[in-house]
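Asks: Give me a 3D structure for the following:
(chains A and B)
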There are 2 protein chains.
Amino acid sequence: MGPMQETPLPVLVHVCVTCRREGDDPEAPRQGSRLRDALVGLLPDGMTLQPVECLGNCKRSCTVALSAQGSWTYVFGDLTAESGPDVVTGARLLAHSTDGLMPWRGRPEPFKRSMIARIPPIQPLKDAAE
Amino acid sequence: MGPMQETPLPVLVHVCVTCRREGDDPEAPRQGSRLRDALVGLLPDGMTLQPVECLGNCKRSCTVALSAQGSWTYVFGDLTAESGPDVVTGARLLAHSTDGLMPWRGRPEPFKRSMIARIPPIQPLKDAAE
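Replies: Have a look, this model is predicted:
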């Protein structure tokens, strides 16, 4: 197998749509909701966008979680309504991972600074392939 | 189906063994490692303890992640080597959940204060049962 998966992993992108940023106008559409809206037109085929009400990372919103069967799950915070392209870049990195980990190299800067958590898969890719 | 699952979900307990607490003696065994050791004798049958090197929550260590097929994944931080019994209580709550969510009621205090993130399952329990 080469360094890239031939068939990308079907990445699931959870976006917290209730996230605000400190100082946001409480009457304005929420940043998390705007980030979700931005992602609708940006995510490549094969990825699924799933809005969620609260990913539990309220202290460092906006928040996105990336997961796929067999891959690690990644939670990123400190995002804004403008983070759509960075989310897509991170999701692509995970989709093309062969070991279920998101490579550090190639991560957008906010994804290097603002990882909230990463969780191993219940059944790793390698086990699944056996 | 009653309010409790008859067969508990097989909860996977990830413990970051590289976590230290601020001010810890760098020569001493790490708190995360000591928490793992404590859990060895505490987890009920059917649960799996998995040490991990870094769950990405270094700013609020020690860290534990609880997951099960079809359930939400929960990451808790600000724990110590003495948090074993609280981790067991939280893991039991998740194991007996019928909707894949950890109920708020019954959570140990540190689990109410120090949720780092919660992530929906890739395939929820209800879908899996259909």
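
Asks: Is it correct that residue A:115 is in contact with residue B:54?
Replies: No - using CB atoms under 8 Å, residue A:115 is not in contact with residue B:54; the gap is 9.9 Å. Quick note: C-beta positions are derived from backbone N, CA and C, even for glycine.

Asks: which bits of chain A sit near chain B?
Replies: A:12, A:14, A:50, A:52, A:54-57, A:63, A:65, A:67-69, A:73-75, A:115-120, A:122 (CB under 8 Å from any CB of the partner chain).

Asks: so what's the nearest residue to residue A:21 once chain neighbours are set aside up against?
Replies: Spatial nearest neighbour of residue A:21, excluding adjacent residues (CB to CB, 6 or more residues apart in numbering or on different chains): residue A:31 at 5.3 Å. Neighbour list for residue A:31: A:19, A:20, A:21, A:24, A:61, A:62, A:79, A:80, A:81 [criterion: CB atoms under 8 Å, 6 or more residues apart in numbering or on different chains].

Asks: Would you check which pair of these lies furthest apart?
Replies: A:24 and A:79 (13.2 Å; CB to CB).

Asks: mind listing the helices in chain A by residue range?
Replies: Secondary structure of chain A by DSSP state H: the helices cover A:31-40, A:84-95, A:109-113, A:125-129.

Asks: Tell me which of the ones you listed sits nearest to residue B:108.
Replies: Closest approach to residue B:108 among the helices of chain A (CB to CB): helix A:31-40, 28.6 Å.

Asks: From residue A:70, how far off is residue A:80?
Replies: According to CB to CB, to the nearest Å, residue A:80 and residue A:70 sit 30 Å apart.

Asks: Apologies, that question was intended for residue A:81.
Replies: For residue A:81, the distance to residue A:70 - CB to CB - is 31 Å.

Asks: More neighbours: which of residue A:115 and residue B:54?
Replies: A direct count of neighbours by other CB atoms under 10 Å in any protein chain shown for residue A:115 and residue B:54 places residue A:115 higher, at 21 against 16.

Asks: quick one: stretch A:114-130 to chain centroid distance?
Replies: 14 Å (CA atoms, centre = their mean, to the nearest Å).

Asks: Just the buried positions in it, please.
Replies: Residues of stretch A:114-130 classed as buried under the neighbour-count rule (16 or more other CB atoms under 10 Å in any protein chain shown) are A:114, A:115, A:116, A:117, A:118, A:119, A:120, A:121, A:122, A:125.

Asks: Contact partners for the closest residue to the fifth one other than its chain neighbours?
Replies: Taking CB to CB, 6+ apart, and ignoring the residues beside it in sequence, residue A:118 has residue B:56 as its nearest neighbour in space, at 4.0 Å. Neighbouring residues of residue B:56 by CB under 8 Å, 6+ apart: A:74, A:75, A:115, A:116, A:117, A:118.
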